[in-house]
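>>> The following block contains a protein sequence and its predicted model.
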Amino acid sequence: MPGQSRRASLRARGATPDGEGTVCLADIDRILTGAAGFRTAPFVLADLVGIDLQHAVMASIYGLFYNEPAFSPFPISAQRVAAGLYGQKTSIGWFRYENGKRIEPDVAAAPTARPKSVWLHRSAEHAELQAPLIALLSAAGARGRAR
């Protein structure tokens with residue numbers, strides 16, 4: 001639960017419910033279940049438990065930790081609770097639900113354009129970790145420039 005506020009903060013900085021930002025809720029959930037290995041995605045979990053309950057728990061934790069900012073409940077959760085958007089029990093929360101099943105948002109296609117340049121600072125401490133990335137970039141046609 002402590003990370004919930006940080007995830008919501010990430011969402012608020014770069015995402016909007018209609019996907020106009022740099023990342024959408026479904027993308028955050030896909031990344032955290034795929035790459036990070038979470039068994040249940042954070043926004044899916046909030047919808048399952050209920051945003052109202054999740055927000056109340058975060059407010060309680062925030063108070064118990066003497067209003068430590070890392071544990072503050074996120075204002076968007078409070079707005080959802082005030083609007084009655086509790087998750088699965090109301091058929092809408094972070095996601096929409098029909099007949100108890102989540103409606104998956106469309107997955108946007110990955111951009112095909114390549115950046116003009118990529119900056120990579122080589123580090124002497126972890127050259128073995130950088131070698132595969134440098135080889136991949138070189139194979140893709142990247143050119144290196146020594147300092």
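Now that the structure is in, tell me what you want to look at.
>>> Domain parsing of this protein, as residue ranges.
2-102, 114-147 (automatic domain parsing).
>>> In CSV, list these along with mean pLDDT and mean neighbour count.
C-beta coordinates here come from the backbone N, C-alpha and C atoms, glycine included. As requested, these are exported to CSV (pLDDT from 0 to 100; neighbours: other C-beta atoms under 10 Å):
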stretch, mean pLDDT, mean neighbour count
domain 2-102, 84, 16
domain 114-147, 75, 9
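>>> for the residue nearest the centre of the chain, helix, strand, or coil?
Closest to where the C-alpha atoms of the chain average out (C-alpha atoms, centre = their mean) is residue 28, at 3.1 Å. Under the three-state scheme (DSSP: H, G, I helix; E, B strand; the rest coil), residue 28 adopts helix.
>>> Would you map the helices across this protein?
In the chain, the segments counted as helices under DSSP state H are 2-14, 25-34, 42-49, 51-64, 75-83, 127-139.
>>> Turn those helices into a markdown table, columns for distance to residue 99.
Converted to a markdown table, these look like this (distance: least, C-beta to C-beta, whole Å):
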| stretch | distance to residue 99 |
| --- | --- |
| helix 2-14 | 26 |
| helix 25-34 | 19 |
| helix 42-49 | 15 |
| helix 51-64 | 20 |
| helix 75-83 | 22 |
| helix 127-139 | 45 |
